[in-house]
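Asker: Take a look and give me a structure for this.
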Amino acid sequence: MTLEQLRIFAAVADALHFTRAAESLRLSQPAVSAAIAALEAEHGLRLFDRIGRRVELTAAGALLRAEARSILRKVEETGAMLAELSGLARGTLRLVASQTVGNHWLPPRLARFAVAFPGIRVDLSIGNTEGVAEAVRDGRAELGIAEGAVSDPALMSERVPGDRLVLAVAREHPWVERGTATPGDLAAARWILREPGSGTRALFESAVRAVGLDPADLTVAMTLPGGSVIRHALLAGLGVSVLSDLVVRDDLRDGRLVAVAGLDLPERAFHLVRHRDRHRSAAEREFVRLATQDG
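Answerer: Predicted structure coming up:
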């Protein structure tokens with residue numbers, strides 16, 4: 001068994017799809033299939049059940065996945081240690097971020113880090129707050145940056161300045177003339193929202209309860225996976241939403257969207273999420289230092 005076989009196996013086990021795993025590894029699909037077949041033949045065990053176009057882990061595959069993650073994580077930690085000894089001339093930093101952070105807050109900070117440490121490769125995945133916590137807990141990411149607070153005994157988090165949520169509507173919306181929305185308006189609105197589990201959705205529901213409404217009683221016309229796609233729905237006049245000011249900053253400035261009153265939406269901190277028991281690499285420490293500089 002080689003580290004390359006383990007790396008390929010872990011990618012397939014995570015994706016449960018040979019083609020997607022091959023794309024993530026930048027390998028051909030036949031090469032990935034051949035590596036898994038060789039691993040199964042070498043040990044006389046089936047690691048995946050092929051069900052049509054899908055694959056599922058067998059009991060043996062599930063056991064190997066846990067061991068493979070542990071081994072590969074140790075290899076990466078060793079590589080990080082060597083990178084530190086080489087003065088951060090090379091290495092990898094694995095990040096995971098929630099949607100608003102990854103698409104709007106992170107890009108200028110990643111650019112700042114790339115200029116300072118061009119030899120460090122950054123691998124970034126994007127999900128929601130729950131996905132950030134899971135990736136850091138499982139060791140698939142060294143550092144997570146989430147919009148929502150994370151409550152997990154295995155993890156620790158640090159608050160950093162984030163954004164502000166705004167109640168946004170298209171400029172033609174009837175709320176614009178009044179500049180505010182009453183609780184009755186909010187109850188009757190067609191809402192376009194992030195999915196449950198996102199930090200934005202959690203804060204929205206908290207703000208709705210504060211004005212005496214039950215989030216379960218609202219009309220959620222659309223549940224969409226990111227702020228950018230919600231922004232386009234708002235511009236098309238399909239409803240109202242609560243979004244990060246980072247997502248709609250240009251639209252608010254140019255008048256395409258309008259922020260109205262009606263919900264108490266305070267400034268929001270983002271959360272840097274780490275595992276309590278894992279080593280902090282020099283690359284991760286330098287990224288945090290640069291990312292939290294003013295501006």
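
Asker: so who does V220 touch?
Answerer: If a contact means CB atoms under 8 Å, 6 or more residues apart in numbering, then V220 has 191-193 as its contacts. Bear in mind the C-beta positions are built from the backbone N, C-alpha and C, glycine included.

Asker: so which strand or helix has it?
Answerer: strand 219-223 (DSSP states H and E).

Asker: Next, the angle from the helix or strand just after that strand to strand 219-223.
Answerer: Note on strand 219-223: by DSSP H and E, the next helix or strand toward the C-terminus is helix 227-235. In terms of direction (axes from the mean of the first three to the mean of the last three CA atoms, to 10 degrees), helix 227-235 departs from strand 219-223 by 130 degrees.

Asker: Show me what helix 227-235 is packed against.
Answerer: Applying 3 or more CB pairs under 8 Å, 6 or more residues apart in numbering; DSSP states H and E, we find helix 227-235 packed against strand 155-170, strand 190-193, strand 241-244, helix 245-254, strand 257-260.

Asker: Need the mean per-residue confidence for that helix.
Answerer: For helix 227-235, the mean per-residue pLDDT is 94.

Asker: likewise stretch 180-189?
Answerer: Mean pLDDT, computed over stretch 180-189, is 96.

Asker: out of the helices and strands packed on helix 227-235, deepest packed?
Answerer: Each of the helices and strands packed on helix 227-235 was scored by mean neighbour count; the highest is strand 241-244, a mean of 26, by mean count of other CB atoms under 10 Å.

Asker: List the strands paired with that strand, with their directions.
Answerer: Sheet pairing of strand 241-244 (DSSP bridges) gives strand 155-170 (antiparallel).

Asker: Report the contact partners of L218.
Answerer: Applying CB under 8 Å, 6+ apart, we find L218 in contact with 186-187, 189, 191, 208.

Asker: gap between stretch 263-281 and the chain center?
Answerer: With CA atoms, centre = their mean, to the nearest Å as the basis, stretch 263-281 stands 12 Å off its chain's centre.

Asker: Now that stretch: buried residues?
Answerer: For stretch 263-281, burial by neighbour count (16 or more other CB atoms under 10 Å) applies to 263, 265, 268, 270-275, 281.

Asker: Tell me which two of the residues you listed sit farthest apart.
Answerer: Farthest pair in the buried residues of stretch 263-281 (CB to CB) is L263 and S281. Separation: 40.3 Å.

Asker: What's the first helix or strand after the helix or strand bottoming out on mean pLDDT in the chain?
Answerer: For the chain, counting by mean pLDDT, DSSP states H and E, helix 59-85 ranks last in confidence among helices and strands (a mean of 82). Scanning forward in sequence from helix 59-85 by DSSP H and E, the next helix or strand is strand 91-98.

Asker: and the nearest residue to G61 once chain neighbours are set aside, how many neighbours?
Answerer: Excluding the flanking residues, the one nearest G61 by CB to CB, 6 or more residues apart in numbering is L47, at 3.8 Å. Per other CB atoms under 10 Å, the neighbour tally for L47 reads 22.

Asker: Kindly report the same for the one 5 residues further on.
Answerer: Each residue near G52 was counted by other CB under 10 Å, and the total is 5.

Asker: Can you list the low-confidence ranges for the protein?
Answerer: Within the chain, the segments meeting pLDDT under 70 span 82-87, 294-295.

Asker: Now do the SS call for V122.
Answerer: What DSSP: H, G, I helix; E, B strand; the rest coil gives for V122 is strand.

Asker: That one: what's its closest spatial neighbour, skipping adjacent residues?
Answerer: L93 (5.1 Å).

Asker: what's the answer for W105, then?
Answerer: Leaving aside its chain neighbours, W105 sits nearest to L246 (6.1 Å; criterion: CB to CB, 6+ apart).

Asker: measure that neighbour to S206 for me?
Answerer: According to CB to CB, to the nearest Å, L246 and S206 sit 20 Å apart.

Asker: same thing with D49?
Answerer: Using CB to CB, D49 is found at 43 Å from S206.

Asker: on that earlier part again, right, and the residue nearest to G61 touches A59 too?
Answerer: No. Assessed by CB atoms under 8 Å, L47 is found out of contact with A59, at 9.7 Å.

Asker: what kind of secondary structure is P107 in?
Answerer: helix.

Asker: Could you give the number of residues near it?
Answerer: 11.

Asker: so how many other residues sit close to I230?
Answerer: Here the count is done by other CB under 10 Å, and I230 has 26 residues near it.
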